[in-house]
Structure formats: C-alpha cells, structure tokens
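In: pasting the sequence and the predicted coordinates here, then a few questions.
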Amino acid sequence: MSGLAMTDRPAAGSLAPPELPISRPVPSRPVLIASNRGPVTFTRQDGQLVSQRGGGGLVTALTGALAGSGALWVASAMSDEDRQQAGRPRIPFEAGDSTFDLRFLAFDDDTYERYYNGIANSVLWFVHHYLWDMVRVPHFDERTRADWDAYRTVNEAFAATLANEGGRLMGSPAYLIQDYHLSLVPQMLRRRLPGARISHFSHIPFAGPTYISILPRWMREELLSGLLGADVVGFQADHWADNFLLACRTLPGTRVNLRHRLVLWEGREIRVRVYPVSIDAEAMDSQARTRVVARARRQLRRSLGTQRLILRVDRAELSKNILRGFLAFEELLITRPDWRGRVRLLACMDPSRGTIAEYRRYTRQCLLAAERINRTFATEGWRPIEVRLEEDQPALLAAFGLYDVLLVNPLFDGMNLVAKEGPVVNRRRGVLVLSSNAGAHAELGRYALTVNPFDVSETAEALVSALEMGGAERRRRARGLRAAVLRRRPESWIEEQVLDLDRLGP
C-alpha cells in the first residue's frame, strides 16, 4: 500500500526504502480470466456512465501482471449499469498499463443470491475457513439443493461463455479460473473443450479431508471433480495444496501422489501447485509519497505522542479473528498494568457482508468488546482501543508507516496481504505478530512472532514481547520481512500459472 513519503525524512534508525522489483511481461499466450467480481463496476454519476476499479488483491495482481496481454475477463454483473453492459459482447477498458476486454454475465436476483450467499459465502467460505459451530450448524436440506442448483447454473454460464470466447481466438488460450465461486467451471469447460489448457486458483484456504467431509457427499464429490477438470489446481500455500490432495483421496476413482502433488483422474494427470500472491510494492511506495499521506502521518504522530501503536487492518469478517485480538489486548492491559497509558490498539475494520446476519452480529460483538475495554481502562487523555470503520486510504497508509506492532491473527487465511503490506511500508522497525494459520506464515513466519490464533494468552504474551523487543532484533526481523516480501514480484503469481500451462504443450 505505501512506503516513504518524499516530504518526510526517515526517523533515526529507520530502514531505507526497498529496492523495488522490475516488472516483466507474462508469456505470450491468449489469456481468458473468469472471476465472480470483475476489475471494474459501472455506475452513473450526473447521468454519465463511469467505471470504478474494483478493490482487492485479485484485481491488483491480474491487472498488473497482464499489462499489454489483451486478455478477456469474464465476470458477474454487479450493478444495474453492469447488467446493461452485459448485452455487449466485449467492453474494452484500460487500467494503468493494462488493456483488457471485459464480458459481464447477468443473472436474475434469486439465482445470484442462492449462488453467492446461499453457497459461495455461507457454505464454501465457511467450510474452507473452519467457521461452523457444529453443534448448531450446518444443516443441509432441500433449500441447500436448490441453492446448489443455482451455483451450478452460474458456473455453467461461465463455462459456456469461456468456451465460446476461447473458440474465437487464434492459438490455444490459457483459461485462468479464479476462486471458490467458480469451483465447477473447470470440469464444465473441459466437457466443452477437452483439449483446453485450464488452471483454477483458490485464493482462500482449502479444508482438510475431515472437515470437508461435513459437506454432503454429492456436493463434496461434485466440488472436487469440478476442480479436477483443470490441468493445474493452484493454492496460496503448501498447507492448502496438501489439504486438497488429501481430500481428493476420498473421491472414488482418483489416484493421488502426495510427494509429487499429482492426481490421476479419468485418465488425466492434474498438477497441484503453490503460487503465493504478492503485493505491488512499487505502487504502495508511490501512494505513500503523496502529500495527503504525509499529512495523515503527521496527524497520527501528534495523536500518539509517546504512546506505542499496535495496528490491525481487517475486513470485519469472521475468519479475521478480530474479537480474540481485542481480548488479547485486554489481557495485556490486565497482566501488564505498566503498559496502561503507554500503548494504543488501532483497529481499521472494513465492514463486510452486511447482508448475512452472522456477520452483522460478529461486527457488533467486536464493537461492544472495544467499548467495554475502553470503559474499563480508559483514563483522561488515553483510550486503549480506537476502531475506525470508515474507508480512509491515506490514514491507513499513515498507520502502516508508524505501527510498532502489526497484529495479523486470522483463524485461517489463504494468504493475508496485510502481513506483506505492513512490513514494506513501515518506518519504525515494526514487529509482525502472525497467525500460524495464515498462508503468509509460510513466507514470513521466520521473521514474525508466531501465535496460535485461538490462544488469547499466547497472543497477549506475543504483543508484550513485540513491544519490549530490543532495537537490534527489531531491525533484523524488519529487514527479513521486507526482503521476504520483495523476493516475489506481483507478476510472478500469474506468470508461473501460465508457464505451467505452457509446459503442458499446445
């Protein structure tokens, strides 16, 4: 997200700005991308049709990596204006150095609701993040089957569109199917184009074989066989790839080679690979060099005074484990009263999935916990926890630059880019406290303080250790984190996927 501002001098002992990776183009093969949410959404302002670039790591990674490739991106229509554009065969647009064609698919409200909230967010997201309270949920019934029919319908529409568009291209295109929303597309596309080169990438975790067995057998087997329609199935980290391989052993007719990460199914060999998503450090550095960010940084510095800063940045999402993070900070204040008045927790929370009741309840629980902790410990001139719900990018970049401790403690997370963004931007040799269940831990764990995200006491102890860590150790860890993040260019993630398809031949 950011780096050093031109208007500010580095603090004494701060790290030098990172050497930024050099971009390289991806291999020259036609590329078709499919994802639920596209790179832009259309709206109307003052009667004019305008496009707004989508957020999130997927859009950033793909637009940066495919600059100049002339890719086609197929996505669901999100707005009324998107649905109006769905009648057009292709919509050209530019994002920085990238030129794409976009194709929107429109669905009726009931079908999309069942596909998106009924299955993708309420079943697949929950199973892969281990979120169910199994005494009470889930329960699968006829409504589940109806929701799955809608999920299948949407996936069929994507597969049909990709097959139609790919058939018009010269050469053999690479089909890059993105995430859990479109788990059935690879097999559906394979039936239409048996020789197609298909990759599916999961940005989220993948549940182990015991937990995924909670799903009805018919759903689990269709899910796994859908993914096995791809030539290459990709994940963010080794743990998720291994979970997928173990789950495939439960699918009748498969042979699984765990050592070489191969699955033999229906006469085809499917490769399982790991492609860690990285961040665009150059873009972050450029954003942080703006005057508005420098001003926000000065404001935050004045607000903190001599206080130390613990920062967390999350969507208000069940898997992010915000509540236990607050409880760990409370335990720190209880067990180490000498830190009262000397440290502040700043929680930047982006409201998420407000249409789902459980998410609304969880956000409310987090806010109530913060209020209770503040009532208990606040003194004149000091409030232990500050929660920010508004979206303020300059303020967020300022906080990244000034934290002493970055707390990233998800229950389970495919990667978690905050763990990578913070160390690149930070100017205070900030310490990363990182969940062992974040995909980023595979790359960054060596230089972070690792915690079990369910262990509140261990997390509290790690926060104290981070606050009291000596300068030399902080510097060593900060440099290690920064180097680990910059080791992978953002383009590498997609280059490696296309190259793996290239190696399979035309």
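Out: Good, I have the coordinates.
In: okay, CA-based contacts and neighbour counts for the rest of this
Out: Noted.
In: which stretches of the stretch 251-400 of the chain form helices?
Out: 281-288, 291-304, 322-335, 357-377, 393-402 (DSSP state H, counting those that start in this stretch).
In: the worst-scoring helix or strand of the chain on mean pLDDT: what's the following helix or strand?
Out: Ranking every helix and strand in the chain by mean pLDDT, DSSP states H and E puts helix 57-65 at the bottom, with a mean of 62. Next helix or strand after helix 57-65 toward the C-terminus (DSSP states H and E): strand 72-76.
In: neighbouring strands of that next one in the sheet, and parallel or not?
Out: Within its sheet, strand 72-76 is paired with strand 31-35 (parallel), strand 98-105 (parallel), according to DSSP bridges.
In: contacts made by it with the rest, please.
Out: With contacts defined as C-alpha atoms under 8 Å, 6 or more residues apart in numbering, strand 72-76 is touched by 31-38, 100-107, 158, 161-162.
In: can you pull the buried residues of it?
Out: Buried positions in strand 72-76, judged by neighbour count with 16 or more other C-alpha atoms under 10 Å: L72, W73, V74, A75, S76.
In: let me have the residues you listed in a markdown table, extended by distance to V405.
Out: Converted to a markdown table, those look like this (distance: C-alpha to C-alpha, whole Å):
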| residue | distance to V405 |
| --- | --- |
| L72 | 41 |
| W73 | 39 |
| V74 | 40 |
| A75 | 38 |
| S76 | 39 |
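In: could I get the residues you listed as JSON lines with pLDDT?
Out: Below are the buried residues of strand 72-76 laid out as JSON lines (pLDDT from 0 to 100):
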{"residue": "L72", "pLDDT": "89"}
{"residue": "W73", "pLDDT": "91"}
{"residue": "V74", "pLDDT": "94"}
{"residue": "A75", "pLDDT": "93"}
{"residue": "S76", "pLDDT": "92"}
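In: okay, now the nearest residue to E386 once chain neighbours are set aside: neighbour count?
Out: In this structure, E386 finds its nearest non-sequential neighbour in L346, 4.9 Å apart by C-alpha to C-alpha, 6 or more residues apart in numbering. Using other C-alpha atoms under 10 Å, L346 has 19 neighbouring residues.
In: look up the residues forming beta bridges with L346.
Out: For L346, the beta-bridge partners under DSSP bridges are L311, E386.
In: same thing with A316?
Out: Here A316, judged by DSSP bridges, has bridge partners P351.
In: what's near enough to touch it?
Out: I322, M349, D350, P351, S352, Y359, Y362, T363.
In: contacting residues around the last one?
Out: The neighbourhood of T363, defined by C-alpha under 8 Å, 6+ apart, consists of A316, E317, P351.
In: just the buried residues of the helix ranked longest in the chain, please?
Out: Ranked by residue count and defined by DSSP state H, the top helix of the chain is helix 142-166. Within helix 142-166, the residues that count as buried by 16+ other C-alpha under 10 Å are 144, 146-159, 161-163, 165-166.
In: packing partners for it?
Out: strand 31-35, strand 72-76, helix 109-113, helix 185-192 (3 or more C-alpha pairs under 8 Å, 6 or more residues apart in numbering; DSSP states H and E).
In: what angle sits between that helix and strand 31-35?
Out: 160 degrees (axes from the mean of the first three to the mean of the last three C-alpha atoms, to 10 degrees).
In: could you check the angle helix 142-166 makes with helix 185-192?
Out: Between the axes of helix 142-166 and helix 185-192, defined by the same axes, to 10 degrees, the angle is 50 degrees.
In: and for the closest residue to V272 other than its chain neighbours, the neighbour number?
Out: In this structure, V272 finds its nearest non-sequential neighbour in V233, 4.9 Å apart by C-alpha to C-alpha, 6+ apart. Residues near V233, counting by other C-alpha under 10 Å, number 25.
In: for the contacts of A316, pick the one with the most neighbours.
Out: Neighbour max across those (other C-alpha under 10 Å) = I322, 28 neighbours.
In: just give the nearest non-adjacent residue to it, would you?
Out: In space, I322 is closest to C366, 6.8 Å off (C-alpha to C-alpha, 6+ apart).
In: can you report how many residues neighbour the one you found?
Out: Residues within reach of C366, counting by other C-alpha under 10 Å, total 21.
In: any idea how far R261 lies from V498?
Out: Per C-alpha to C-alpha, to the nearest Å, R261 is found 18 Å from V498.
In: what does M415 give?
Out: 20 Å.
In: same deal with Q85?
Out: Counting by C-alpha to C-alpha - Q85 and V498 are separated by 29 Å.
In: neighbour count: the two, which is higher?
Out: Comparing Q85 with V498 by other C-alpha under 10 Å, the one with more neighbours is V498, at 25 against 19.
In: what about the one helix or strand the more buried one maps to, distance to the chain center?
Out: Here V498, judged by DSSP H and E, is contained in helix 492-502. Distance, stretch centre to chain centre, for helix 492-502: 19 Å (C-alpha atoms, centre = their mean, to the nearest Å).
In: try stretch 169-186
Out: 19 Å.
In: below-threshold pLDDT in the protein: ranges please.
Out: 1-28, 46-70, 80, 82, 95-98 (pLDDT under 70).
In: tell me the domain ranges of it?
Out: Domain segmentation of the chain under the TED database yields 31-278+491-503, 281-487.
In: contacts only, for the residue nearest to N437 when sequence neighbours are not counted.
Out: Distances taken as C-alpha to C-alpha, 6+ apart put F412 closest to N437, at 4.9 Å, once the chain neighbours are dropped. Residues near F412 by C-alpha under 8 Å, 6+ apart: H129, Y130, P205, S319, K320, N437, A438, G439.
In: make TSV out of those and add neighbour count and distance to A395.
Out: Below are the contacts of F412 laid out as TSV (neighbours: other C-alpha atoms under 10 Å; distance: C-alpha to C-alpha, whole Å):
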residue	neighbour count	distance to A395
H129	22	30
Y130	19	32
P205	27	30
S319	18	24
K320	22	21
N437	22	28
A438	28	25
G439	29	26
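In: so of those residues, which ones are in strands?
Out: Assigned to strands by DSSP state E, none of these qualify.
In: SS state for the residue lying closest to R273 once chain neighbours are set aside?
Out: Take R273 and drop its neighbours on the chain: the residue closest to it by C-alpha to C-alpha, 6+ apart is G234, 4.8 Å away. Following DSSP: H, G, I helix; E, B strand; the rest coil, the label given to G234 is strand.
In: count of neighbours near G234?
Out: 26.
In: that one reaches P205, doesn't it?
Out: No - under the criterion of C-alpha atoms under 8 Å, G234 makes no contact with P205, lying 11.0 Å away.
In: from A34, how far off is the spatially most distant residue from the centre of the chain?
Out: Here the centre of the chain is the reference, and by C-alpha atoms, centre = their mean the most remote residue is E380, at 38.7 Å. To A34, E380 is 53 Å away according to C-alpha to C-alpha.
In: ditto for G381
Out: Relative to A34, G381 is positioned 51 Å away (C-alpha to C-alpha).
In: okay, those two: which has more neighbours?
Out: Of the pair G381 and A34, A34 is the one with more neighbours under other C-alpha under 10 Å, namely 24 against 6.
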